[in-house]
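**Q** sequence and computational prediction follow.
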Amino acid sequence: MIGDALPELSIDLTPTMVVSTALATMDYTPVHHDTALARAQGSTDIFLNILTTMGLVERYVTDWAGPEAVIRSIDVKLGVPAYAGDRLTFSGTVVAGEGARLTVEVRGRVSLGEHATGTVTLEGQ
């Protein structure tokens, strides 16, 4: 198991996805839904909010591990913004394991570079 690679997951970051996921997480910060305001603040476009990124990291790992898996911890560092119109691609590798507990290193990349990097520890696969 240690060293196993998870299958990649690519997600198109449409403006609808960026806006709807921000609203779903009750994040009404304008940089997640107002392109003009986001650009006025120096961004290229609207971008994913943190809660969405964390949810996508969870989805990536639990899609691989299956419905019985329970996430015990997540440690994610955010990098470059994930702008609308880009594609977010996750990759992962099992880096530790003991019994039913596994730790997976996860990377989420966009065209600008690493958007999210970290580890997820889960049990019950």
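**A** It's in. Numbers count the residues shown, from 1 in each chain.

**Q** what's the residue in the chain sticking out farthest from the centre sitting at in phi/psi?
**A** Outermost residue of the chain with respect to the C-alpha centroid, by C-alpha atoms, centre = their mean, is Gly99; its distance is 26.3 Å. As for Gly99, its main-chain torsions (degrees, to the nearest 10) stand at phi 60, psi -130.

**Q** please shift the residue numbers so they start at 719 in all later answers.
**A** Yes, from this point I'll number from 719; that puts the last item at Gly817.

**Q** so which residues of the chain form helices?
**A** Secondary structure of the chain (DSSP state H): helices located at 733-742, 753-758, 768-783.

**Q** close enough to count as contact, Leu840 and Gly815?
**A** No - Leu840 is not in contact with Gly815 according to C-beta atoms under 8 Å; the separation is 10.3 Å. Backbone N, C-alpha and C define where each C-beta goes, glycine included.

**Q** between those two, point out the one with more neighbours.
**A** Shown here are Leu840 and Gly815; by other C-beta atoms under 10 Å, Leu840 has more neighbours (23 against 16).

**Q** and Gly831, how far from Thr807?
**A** Using C-beta to C-beta, to the nearest Å, one gets 12 Å for the distance from Gly831 to Thr807.
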